[in-house]
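Engineer: prediction below, plus the sequence it came from.
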Amino acid sequence: MSSLHVILTTGANRGIGFSIIQSLGLRSPQNTYILACRSPSSGADAVKELQNLGVKAKLDVVELDILNDETIVKAAKYVEEKYGRLDVLINNAAIASRPKSESLADMRENFNTTFNANITSVMAVTSTFLPLLHKAEEPRVINVSSARGSVTRSANGQMPPAVVVSYGVSKSALNALTVEMQRSEDAREGNEGGGKVEYFTINPGHCKTGFNGFKGIKDPLDGAEVVVQLATAGRGKWTKGGFWEFEEGGMREVPW
Ligand SMILES: NC(=O)c1ccc[n+]([C@@H]2O[C@H](COP(=O)([O-])OP(=O)(O)OC[C@H]3O[C@@H](n4cnc5c(N)ncnc54)[C@H](OP(=O)(O)O)[C@@H]3O)[C@@H](O)[C@H]2O)c1
């Protein structure tokens with residue numbers, strides 16, 4: 001990808017989202033990175049931390065709560081007015097939690113809450129930013145999924161049984177959503193001055209973040225690597241609409 005891209009990551013104030021900006025910012029300082037956070041003050045703190053870590057790229061913060069449509073629309077308006085387009089959207093923010101009890105009501109609440117954040121919000125954020133992505137020359141959307149989203153790995157017994165079923169199933173749905181988004185983009189007619197969007201879904205691996213009480217085995221910077229590769233590669237290098245991970249020193253496709 002050429003220089004001067006505008007790259008927005010949801011949930012960028014900590015964890016893998018923060019590491020994505022850190023790694024991209026150090027390696028591609030010519031780009032602008034927008035930290036889309038539900039708490040702008042945590043975004044501002046993250047910017048200071050990134051600068052202390054040596055990131056010299058332009059960093060910007062915008063309020064975006066993936067569960068709040070008003071903030072999604074406002075964030076897109078802000079990006080439109082300030083930058084006029086968006087080159088890369090990274091849908092990173094997500095949640096995982098167990099039902100509060102075994103009651104049917106709590107089970108329903110848990111599934112609906114998880115799907116609202118991990119699926120409906122990805123659809124809402126992406127469709128709101130789509131007109132801005134269509135103004136970029138080589139637009140791409142990277143959805144942060146999980147190995148838990150691989151039905152093949154679960155069915156093969158490669159993954160231990162899920163502790164949080166709603167989460168794993170939401171990530172399988174995110175993979176399916178990525179495929180459908182790519183198909184609908186490929187079938188789209190018309191051109192708003194930019195290129196067609198390439199969609200990717202990724203597995204960062206089990207990373208040490210607040211998501212799992214810092215029990216993961218990978219440094220989140222290593223988990224971010226697959227996103228860095230997809231965000232910076234020449235167009236067409238990695239199969240669009242595919243499910244990717246970076247393991248054992250290289251990129252590989254994850255079975256659906
Ligand atoms: N960690 C792992 O081992 C692992 C493995 C596979 C996949 N993943 C995926 O990686 C992604 C990032 O996870 P992580 O490990 O970095 O988690 P994390 O450290 O818990 O960070 C989650 C991020 O999402 C944000 N977020 C949550 N709800 C939000 C909302 N409503 N609006 C905006 N932002 C919201 C959080 O913001 P606040 O600070 O405001 O809460 C935080 O920035 C997720 O999609 C997760 O499913 C993680």
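Structural biologist: Thanks, I have the structure now. Numbers count the residues shown, from 1 in each chain.

Engineer: so where's this structure uncertain?
Structural biologist: The model of the chain has pLDDT under 70 over residues 1-3.

Engineer: show me what from it comes close to the ligand.
Structural biologist: 10-11, 13-17, 38-39, 42, 65-67, 92-95, 144, 146, 204, 206-207, 209-212, 216 (CB under 6 Å from any ligand atom). C-beta here means a position set from N, CA and C on the backbone, and glycine is covered the same way.

Engineer: repeat that with 5 Å
Structural biologist: Contact residues (CB under 5 Å from any ligand atom) of the chain with the ligand: 11, 13-16, 38, 65-67, 92-94, 144, 146, 206-207, 209-211, 216.

Engineer: buried ones among those?
Structural biologist: For these, a neighbour count by 16 or more other CB atoms under 10 Å gives the buried set as 11, 13-16, 38, 65-66, 92-94, 144, 146, 206-207, 209, 211, 216.

Engineer: show me those residues that map onto strands.
Structural biologist: Val144 (DSSP state E).

Engineer: let's see which of the buried ones among the residues of the chain next to the ligand end up in helices.
Structural biologist: Secondary structure from DSSP state H places 15-16 of these in helices.

Engineer: which single residue in the stretch 1-150 of the chain comes nearest to the ligand?
Structural biologist: Closest residue of the stretch 1-150 of the chain to the ligand, CB to the nearest ligand atom: Gly15 (2.2 Å).

Engineer: what are the ranges of the strands in the stretch 101-250 of the chain?
Structural biologist: Assigned strands in the stretch 101-250 of the chain, in chain order: 140-144, 198-203, 243-247, 250-253 (criterion: DSSP state E, counting those that start in this stretch).

Engineer: distance to Ile72 for those strands - can I get that in CSV?
Structural biologist: Formatted as CSV, the strands of the stretch 101-250 of the chain follow (distance: least, CB to CB, whole Å):
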stretch, distance to Ile72
strand 140-144, 14
strand 198-203, 18
strand 243-247, 25
strand 250-253, 30
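
Engineer: so what's the residue count around Leu4?
Structural biologist: Here the number of neighbours of Leu4 (other CB atoms under 10 Å) works out to 11.

Engineer: same question, Val163
Structural biologist: With other CB under 10 Å as criterion, Val163 counts 11.

Engineer: check contacts around the closest residue to it other than its chain neighbours.
Structural biologist: Closest residue to Val163 apart from its sequence neighbours, by CB to CB, 6 or more residues apart in numbering: Arg98 at 7.3 Å. Residues in contact with Arg98 (CB atoms under 8 Å, 6 or more residues apart in numbering) are 110, 163-164.

Engineer: how far away is the residue of the chain most remote from its centre from Tyr167?
Structural biologist: When distances to the mean C-alpha position of the chain are computed (CA atoms, centre = their mean), the maximum falls on Ser103, with 31.9 Å. As judged by CB to CB, to the nearest Å, Ser103 and Tyr167 stand 19 Å apart.

Engineer: and if you look at Gly157?
Structural biologist: 19 Å.

Engineer: ok, those two, which is more surrounded?
Structural biologist: Higher neighbour count among Gly157 and Tyr167: Tyr167, with 24 against 8, using other CB under 10 Å.

Engineer: how about the residue lying closest to that one once chain neighbours are set aside, secondary structure?
Structural biologist: For Tyr167, ignoring the flanking residues on the chain, the nearest one in space by CB to CB, 6+ apart is Ala96 at 3.8 Å. Classification of Ala96 using DSSP: H, G, I helix; E, B strand; the rest coil returns coil.

Engineer: nice, that's everything, thank you.
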